[in-house]
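In: Build the 3D model from these lines:
(chains A and B)
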2 protein chains.
Amino acid sequence: MAGAVQNVNFSKALPMNGGHGLYSYSKNSTYQKKVIVAVKDLITEAIAEKLDICVLSSSNTICISDMGCSVGPNTFVAVQNIVEAVLNKYQSQGHDHSRLPEFQVFLNDHALNDFNTLFKSLPPNRNYYVAGMPGSFHGRLFPNDSLHIVHTSYALNWLSQVPKEVEDVSSPAWNKGRIYYSSAGDQTVKAFADQFAEDLDCFLHARAQEVVRGGLIILMVPGRLDTSPHTRVVSNISYDILGSCLMDMAKMGIISEEKVDSFNIPIYFSSPQEVEATVERNGYFNLERLECLPLEKSQDTIPQKARAVSYHIRAGLEYLLKEHFGHEILDELFDSFNKKLEKSEVFQLGLTYSLLAFLKRKET
Amino acid sequence: MAGAVQNVNFSKALPMNGGHGLYSYSKNSTYQKKVIVAVKDLITEAIAEKLDICVLSSSNTICISDMGCSVGPNTFVAVQNIVEAVLNKYQSQGHDHSRLPEFQVFLNDHALNDFNTLFKSLPPNRNYYVAGMPGSFHGRLFPNDSLHIVHTSYALNWLSQVPKEVEDVSSPAWNKGRIYYSSAGDQTVKAFADQFAEDLDCFLHARAQEVVRGGLIILMVPGRLDTSPHTRVVSNISYDILGSCLMDMAKMGIISEEKVDSFNIPIYFSSPQEVEATVERNGYFNLERLECLPLEKSQDTIPQKARAVSYHIRAGLEYLLKEHFGHEILDELFDSFNKKLEKSEVFQLGLTYSLLAFLKRKET
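Out: Residues are numbered from 1 along each chain as shown, chains lettered A, B, ... in the order given. Below is the predicted model:
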């Protein structure tokens, strides 16, 4: 290995809220859980069809990594689905019990992630060995050819940074008066789209060294149809509403307008075409399957939905908001956010899709 | 893999103090660091002589685990020494730069260990990939044949539990009026010695499955000469003094005497003969070398030494003491402990040794 393993300053660490409190990620990620449960059958099918047992480890250990695992508990559901799918595949091919593989699972997230909470909630009767892997998945994390299956769910939508030009007053992409790209001008939207493509390319480039030939990446991100505009996505509308709440506070003199101008949420909702184009340009993986899956309609009332979205977004963004605006504004901000959500038409008009992609490491 | 990976309830988790505060382990483990630095040359020599490059990974990745790593920083020093020693060995055998191996390092400790602090202080320019491995090293942590070198320093002296008979009022080993074994009756001492042997056997049994044939365990524990009694060891004398401080508090009515009777420190200081006998009985490893190394004399004054010992012991025992007696007594306890240490003859009469053992996994 030539010199230092470089996994520093690849991307800004954006930890979800740790612990198990009211606004913790562990208590406010049921939406992401629904998505993971919904795709279980698709994952089982893909592993049955696409994963060649002969490419698996000669040492009889299957190495799996969930990248962007946060603090649980969803990561354990995802991992269990994959382990079961691989075991099913072995059994369906007539391998007897004594010849089943062992599983070593690496739960990855930024070094600032609350791994203490994650480790305290490891499932006690798990049928795999588990390690925590701190570091940015935009850079190298593992030795060459050491992983068989990579899973990443609702993590690559987080950008490694706010695109530089969006924060540059002299740039046409400067995002004045907003904290998000979706209702901004074309230049701003393009800056976010380019950052997403660049980040996904970095991710695939690092994984190309780490995943064995024939190994799989199961990649899931919240996204949108190729034909639907950014402004129709539920989360995007919500982020815009959150931005308008911050602008309200600026107008009331609680925070400065410059503070709002200089804050941007580093998230992007991609479309199938965008993911496909990046995978092809990257060149290391075959795109075996790409689905754009609508989320099942919820039976919750509008106030219930508003509250869930508000808590969910707080669990994800509190760290960034606190860092930029100070913690004093948080309760008031999310209170007004909740009210605006209830009055808005986001739940009638907005669309929610997940993109699910299966990539296979090329043989050459 | 047949069913669940069993790593639960193997041993009581005894986390060192986390974070970087006054009584944190990270700030009060310079003694352990001295030991690690002192044995660097011995480790380099052992790796050069005992490790066969041909038994190393066919995939060109060397897997190393430091077991009982706590929160740093000593674990990073130990790991770097080992990585450099292996690289030296490769280079001395004429391997050119492009054929040097990659290193994957697993830092292990109980799931209650403060991994967040550990991960935040990872060396930025490390030349190895690193993961955290939560769980008890008395049980299985890794897949079969997946490790090449295991290092454990000042961790196996912590017992998996207080021997049951020591806490049993009806047993001749009951440890009334004391919190430690070293000046207790023979039955109590034997109970601790047996627990140490049983724990070491569990450790070796688990490692025997995980370490490849020809792989190495570098095992270091604080210990004593075969010829020196338990009551001559600096740490043992100190624990007895701590016990006497607790008894003083019981006599003053601050805590109850029953509370003291039912508290025992789960630590044991072994001798070379004891380690050798357990390794032989276990049968999976050859004992390649076993040293009993005296600690270099410190030039510190008695008050400096007393303060260092007091802080050091607080960093290691605070969790247990707090759990049993409540946090209210801690400052007063360690204040009187510090004073008694200064007045005692521990630093004139006490001995301090480390046992360093190199074990090699047998071929069959």
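
In: dump the residue contacts of the residue nearest in space to the middle of chain A.
Out: Centroid-nearest residue in chain A: A:Ala155, 1.4 Å away (criterion: Cα atoms, centre = their mean). The neighbours of A:Ala155, taking Cβ atoms under 8 Å, 6 or more residues apart in numbering or on different chains as the test, are A:Met67, A:Gly68, A:Ser70, A:Phe137, A:Val221. All C-beta atoms are positioned from the backbone trio N, CA, C, and that covers glycine.

In: A strand includes the fourth one, no?
Out: The reference is to A:Phe137. No: A:Phe137 is assigned coil when assessed by DSSP: H, G, I helix; E, B strand; the rest coil, not a strand.

In: Nearest spatial neighbour of it, chain-adjacent residues omitted?
Out: A:Met67 (4.3 Å; Cβ to Cβ, 6 or more residues apart in numbering or on different chains).

In: Tell me where the stretch 251-364 of chain A has helices.
Out: With helices called from DSSP state H, counting those that start in this stretch, the stretch 251-364 of chain A shows them at A:257-261, A:272-282, A:302-325, A:330-343, A:346-349.

In: Compare these and give me the one nearest B:Leu293.
Out: helix A:302-325 (46.5 Å; Cβ to Cβ).

In: which helices and strands does that closest one pack with?
Out: Helix A:302-325 sits against helix A:30-38, helix A:234-251, helix A:330-343, helix A:346-349, with contacts defined as 3 or more Cβ pairs under 8 Å, 6 or more residues apart in numbering or on different chains; DSSP states H and E.

In: any idea of the mean pLDDT for it?
Out: In this model, helix A:302-325 has a mean pLDDT of 93.

In: and if you look at stretch A:186-193?
Out: 97.

In: swap in stretch A:142-153?
Out: 96.

In: how distant is that stretch from the center of its chain?
Out: 16 Å (Cα atoms, centre = their mean, to the nearest Å).

In: in that stretch, what's buried?
Out: By neighbour count on 16 or more other Cβ atoms under 10 Å in any protein chain shown, the buried set for stretch A:142-153 is A:Phe142, A:Pro143, A:Asp145, A:Ser146, A:Leu147, A:His148, A:Ile149, A:Val150, A:His151, A:Thr152, A:Ser153.

In: A:Lys362 contacts A:Glu288, correct?
Out: No: counting by Cβ atoms under 8 Å, A:Lys362 does not reach A:Glu288; the two are 11.2 Å apart.

In: coming back round to it: OK, contacts around the residue nearest to A:Phe137?
Out: A:Asn108, A:Asp109, A:Phe137, A:Leu141, A:Val150, A:His151, A:Thr152, A:Ala155, A:Phe203.

In: Go through those residues and name the one nearest B:Ser344.
Out: A:Asp109 (48.1 Å).

In: Identify the bridge partners of the closest one.
Out: A:Pro134 (DSSP bridges).

In: quick one: it and A:Phe76, what's the gap?
Out: For A:Asp109, the distance to A:Phe76 equals 14 Å [Cβ to Cβ, to the nearest Å].

In: of those two, who's got more company?
Out: A:Asp109 (28 against 20; other Cβ atoms under 10 Å in any protein chain shown).

In: any idea which of the helices of the stretch 251-364 of chain A is most buried?
Out: Highest mean neighbour count of the helices of the stretch 251-364 of chain A: helix A:302-325, a mean of 18 (counted as mean count of other Cβ atoms under 10 Å in any protein chain shown).

In: Okay, angle between it and helix A:30-38 too, please.
Out: Put simply, helix A:302-325 runs at 110 degrees to helix A:30-38, going by axes from the mean of the first three to the mean of the last three Cα atoms, to 10 degrees.

In: Just the C-alphas of helix A:302-325, formatted as CSV.
Out: Extracted C-alpha coordinates of helix A:302-325, given in CSV (Å, rounded to 0.1, in the frame of the first residue of the first chain):
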residue,chain,number,x,y,z
ILE,A,302,-52.5,16.3,7.6
PRO,A,303,-51.4,17.3,11.2
GLN,A,304,-49.9,13.9,11.7
LYS,A,305,-48.1,14.1,8.4
ALA,A,306,-46.9,17.6,9.1
ARG,A,307,-45.6,16.6,12.5
ALA,A,308,-43.8,13.6,11.1
VAL,A,309,-42.1,15.6,8.3
SER,A,310,-41.1,18.3,10.8
TYR,A,311,-39.5,15.9,13.3
HIS,A,312,-37.9,13.9,10.5
ILE,A,313,-36.3,17.0,9.0
ARG,A,314,-35.2,18.2,12.4
ALA,A,315,-33.5,14.9,13.1
GLY,A,316,-31.5,15.3,9.9
LEU,A,317,-30.8,19.0,9.8
GLU,A,318,-30.6,20.1,13.4
TYR,A,319,-26.8,19.7,13.4
LEU,A,320,-26.3,22.0,10.4
LEU,A,321,-28.9,24.5,11.5
LYS,A,322,-27.4,24.7,15.0
GLU,A,323,-23.9,25.2,13.6
HIS,A,324,-25.0,28.0,11.3
PHE,A,325,-27.8,29.9,13.2
